[in-house]
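Visitor: mind folding the following:
(2 chains)
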Protein chains: 2
Amino acid sequence: MNQMLPETQTRPAVILVETQMGENIGAAARAMANFGLRELRLVAPRDGWPNEKANAMAASARFILDDAYLFDTVEEAVADLALVFATTARERGQMKEVVGPGEAMERIRPHLAGGAKAGILFGRERWGLTSDEVALADAILTLPVDPDHASLNVGQAVIICAYEWARGAGRDIPFTTPENPPARKEDVARLFEHLESELDAANFLKPPEKRPRMVRNLRNIFIRAGLTDQDVRTLRGVVTALVRLGQRN
Amino acid sequence: MNQMLPETQTRPAVILVETQMGENIGAAARAMANFGLRELRLVAPRDGWPNEKANAMAASARFILDDAYLFDTVEEAVADLALVFATTARERGQMKEVVGPGEAMERIRPHLAGGAKAGILFGRERWGLTSDEVALADAILTLPVDPDHASLNVGQAVIICAYEWARGAGRDIPFTTPENPPARKEDVARLFEHLESELDAANFLKPPEKRPRMVRNLRNIFIRAGLTDQDVRTLRGVVTALVRLGQRN
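Guide: Okay, the predicted model is just below:
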């Protein structure tokens, strides 16, 4: 286990959220190795970590498990990333762009070339990702599955994404560097906390049962904007300035 | 079990050659169902047929197993087909064209449309297809695997081919971003005026020579977010709430 996250990436991180079966973590690692992905992040695997069943299934991809990063929450697992996709088989009622795996990989490539980091979230075997977890992502990644047989296991979803990574790698893609560095998720999270704590103080986020949905909708507005570092600083200044304005009046 | 082969096909047959583990046959069936393939042909599965482990793994794709065709040899399994691909991870020293899965599916499509039948051979877990079996095929289908980690299990190889089938079928991603009416520009403009007048009152937009640029950057954040009507109402409420909060303190 090694928790020193890399400064830059040459390939996106695969992030497995509360995976229940060690075999599925091993199968995902093997799929990653097959198609050239390397960075695995695990959020609270059900049976703890390390996991013997995962190791057995990974076979020669064991090195990916040995180098995996472990996190308690999805928020922590994406904190240093600037571009995050959430895989889901169902429409989630969130105003987020939906892309296929080929398109997702095409977007990740120039992003990494520009020095920022990216990752793809894969949910639990039984019920995928929660709405709050999906809300953390910039866009939804979905696969062209038959709606009558949409249930893919984690290893299968990972291998299709990894395959698209390898397929695209053969293509000659003109790398473009983003002109402005996108904000890290932890800075965006701090902006959200700032805004929401002031809105709580202002009694804006009520009644309590509506608060989670209001927060999610509000966050999604800013996530869709693809905030840069400068944008985050600006918006924090805006919140502070508005509160102070009221104090003066 | 039904040995009356179809006169025509709308999708290629998946042909599993002497598969050893029932679980892998079940996983292949599930992968086929996920991406719209239907016709499974089995050549001498090691543990006989039907197979309880295959059924358990197939889950809702069980109907594909129930309709599978059983053969003693690869020659019999491809006898009625006119276009056959052999999947292999290694170069086989045969003067055969080598294509990727996307290319293979592109060739199969017009072929089926012309009334002929096609299939894809997948070899044994341990050692794939024999040279004689590869020789029966029109071309070799290979996947862009990392040469150091080339070993794909049968279910994984099948799912990538099936995924390419669905992708090429132009089957769109199964759902898209929910449609929410975008805000009219005049409502967005009123939001900007509201925000900027409060920020002017707060002395946030200074010095004066920098104001136009600051305003432009701030507006662009919200324009990039693609605000809906609901978003505009929410954000106006946010501005009002923050100013009022300060007034109360």
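
Visitor: which ones are touching the residue nearest the centre of chain A?
Guide: Central residue of chain A (CA atoms, centre = their mean): residue A:84, 3.6 Å from the mean position. For residue A:84, the contacting residues are A:78, A:118, A:119, A:120, A:121, A:136, A:137, A:138, A:185, by CB atoms under 8 Å, 6 or more residues apart in numbering or on different chains. No exception for glycine: its C-beta is placed from N, CA and C like everyone else's.

Visitor: how about residue A:99?
Guide: Counted by CB under 8 Å, 6+ apart, residue A:99 has contacts A:85, A:107, A:139, A:140, A:141, A:142, B:173.

Visitor: for it, name its beta-bridge partners.
Guide: residue A:141 (DSSP bridges).

Visitor: could I get the pLDDT score of it?
Guide: On the pLDDT scale, residue A:99 is placed at 93.

Visitor: same question, the one 10 residues further on
Guide: Here the pLDDT value assigned to residue A:109 is 94.

Visitor: which secondary structure state does it sit in?
Guide: Look at residue A:109: counting by DSSP: H, G, I helix; E, B strand; the rest coil, its state is helix.

Visitor: what about it, distance to residue A:167?
Guide: 12 Å (CB to CB, to the nearest Å).

Visitor: with residue A:210 instead?
Guide: From residue A:210 to residue A:167 the distance is 44 Å (CB to CB).

Visitor: so what does residue A:201 have for phi and psi?
Guide: Main-chain torsions, residue A:201, degrees, to the nearest 10: phi -60, psi -30.

Visitor: any buried residues in stretch A:33-48, and which?
Guide: The neighbour-count check on stretch A:33-48 (16 or more other CB atoms under 10 Å in any protein chain shown) flags A:33-45 as buried.

Visitor: cool, stretch A:87-107 as well?
Guide: Result for stretch A:87-107 [16+ other CB under 10 Å]: buried residues A:87-89, A:92, A:94-106.

Visitor: and the end-to-end length of it?
Guide: One end of stretch A:87-107 to the other measures 15 Å (CA to CA, to the nearest Å).

Visitor: tell me the secondary structure of residue A:194, please.
Guide: helix.

Visitor: contact partners for it?
Guide: A:236, A:239.

Visitor: how about residues contacting stretch A:150-164?
Guide: A:14, A:16, A:19, A:24-25, A:27-28, A:30-32, A:34-37, A:87, A:89-90, A:101-102, A:104-105, A:120, A:122, A:125, A:141, A:143, A:145, B:31, B:34, B:59-60, B:143-144, B:155-156, B:159-160, B:163, B:174.

Visitor: what distance separates it from the centre of its chain?
Guide: 16 Å (CA atoms, centre = their mean, to the nearest Å).

Visitor: and it, C-alpha only, in PDB?
Guide: The C-alpha trace of stretch A:150-164 is given here as PDB (Å, rounded to 0.1, in the frame of the first residue of the first chain):
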ATOM      1  CA  ALA A 150     -28.000  -3.700 -18.600                       C
ATOM      2  CA  SER A 151     -26.300  -5.300 -15.600                       C
ATOM      3  CA  LEU A 152     -22.500  -5.400 -16.200                       C
ATOM      4  CA  ASN A 153     -20.200  -6.600 -13.500                       C
ATOM      5  CA  VAL A 154     -17.400  -4.300 -12.400                       C
ATOM      6  CA  GLY A 155     -14.600  -6.200 -14.200                       C
ATOM      7  CA  GLN A 156     -16.600  -6.000 -17.500                       C
ATOM      8  CA  ALA A 157     -17.200  -2.300 -17.200                       C
ATOM      9  CA  VAL A 158     -13.600  -1.700 -16.400                       C
ATOM     10  CA  ILE A 159     -12.300  -3.800 -19.300                       C
ATOM     11  CA  ILE A 160     -14.400  -1.900 -21.800                       C
ATOM     12  CA  CYS A 161     -13.100   1.500 -20.500                       C
ATOM     13  CA  ALA A 162      -9.500   0.100 -20.500                       C
ATOM     14  CA  TYR A 163     -10.000  -1.300 -24.000                       C
ATOM     15  CA  GLU A 164     -11.200   2.200 -25.200                       C
END
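
Visitor: which residue sits closest to the one residue in chain A that gets nearest to chain B, ignoring its sequence neighbours?
Guide: Residue nearest to chain B within chain A: residue A:246 (2.3 Å; CB to the nearest CB). Counting by CB to CB, 6 or more residues apart in numbering or on different chains, residue B:246 is the residue found nearest to residue A:246 once chain neighbours are left out, at 2.3 Å.

Visitor: pretty sure that neighbour belongs to a helix, no?
Guide: Yes - Residue B:246: assigned to a helix according to three-state DSSP.

Visitor: would you confirm that it contacts residue A:240?
Guide: No - between residue B:246 and residue A:240 there is no contact under CB atoms under 8 Å: 9.7 Å.

Visitor: of these two, which one has the most company?
Guide: residue B:246 (21 against 16; other CB atoms under 10 Å in any protein chain shown).

Visitor: got a list of what the more buried one touches?
Guide: A:242, A:243, A:244, A:245, A:246, A:247, A:248, A:249.

Visitor: in TSV: those residues, plus pLDDT.
Guide: As requested, the contacts of residue B:246 are exported to TSV (pLDDT from 0 to 100):
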residue	pLDDT
A:242	93
A:243	92
A:244	91
A:245	88
A:246	84
A:247	83
A:248	76
A:249	69
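
Visitor: and the buried ones among those residues, selectable in ChimeraX?
Guide: Typed into ChimeraX, the line below selects the buried ones among the contacts of residue B:246, using 16+ other CB under 10 Å:
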select /A:242,243,244,245,246
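
Visitor: returning to that earlier point: which of the buried residues of stretch A:87-107 fall in strands?
Guide: A:87, A:98, A:99 (DSSP state E).

Visitor: quick one: the first one from residue A:29, how far?
Guide: Using CB to CB, one obtains 17 Å as the distance from residue A:87 to residue A:29.

Visitor: ranges for the strands of chain A?
Guide: Along chain A, the segments classed as strands by DSSP E run A:13-17, A:40-43, A:69-71, A:83-87, A:98-99, A:118-122, A:139-141.

Visitor: residue boundaries of the helices in chain A?
Guide: Using DSSP state H, the helices of chain A run over A:22-34, A:52-58, A:62-66, A:74-78, A:101-113, A:131-135, A:154-170, A:185-201, A:211-224, A:229-248.

Visitor: hmm, the second one touching chain B?
Guide: To tie it back to what came earlier, the one meant is helix A:52-58. No - using CB under 8 Å from any CB of the partner chain, helix A:52-58 never reaches chain B; the gap is at least 10.0 Å.

Visitor: buried set for that helix?
Guide: Quick answer for helix A:52-58 (16+ other CB under 10 Å): A:54, A:55, A:57, A:58.

Visitor: can you count the residues close to residue A:8?
Guide: The burial count for residue A:8: 10, using other CB under 10 Å.

Visitor: which residues touch it?
Guide: Contacts of residue A:8 by CB under 8 Å, 6+ apart are A:112, A:115, A:117.

Visitor: so the second one makes contact with residue A:181?
Guide: Yes - counting by CB under 8 Å, residue A:115 does reach residue A:181; the two are 7.3 Å apart.
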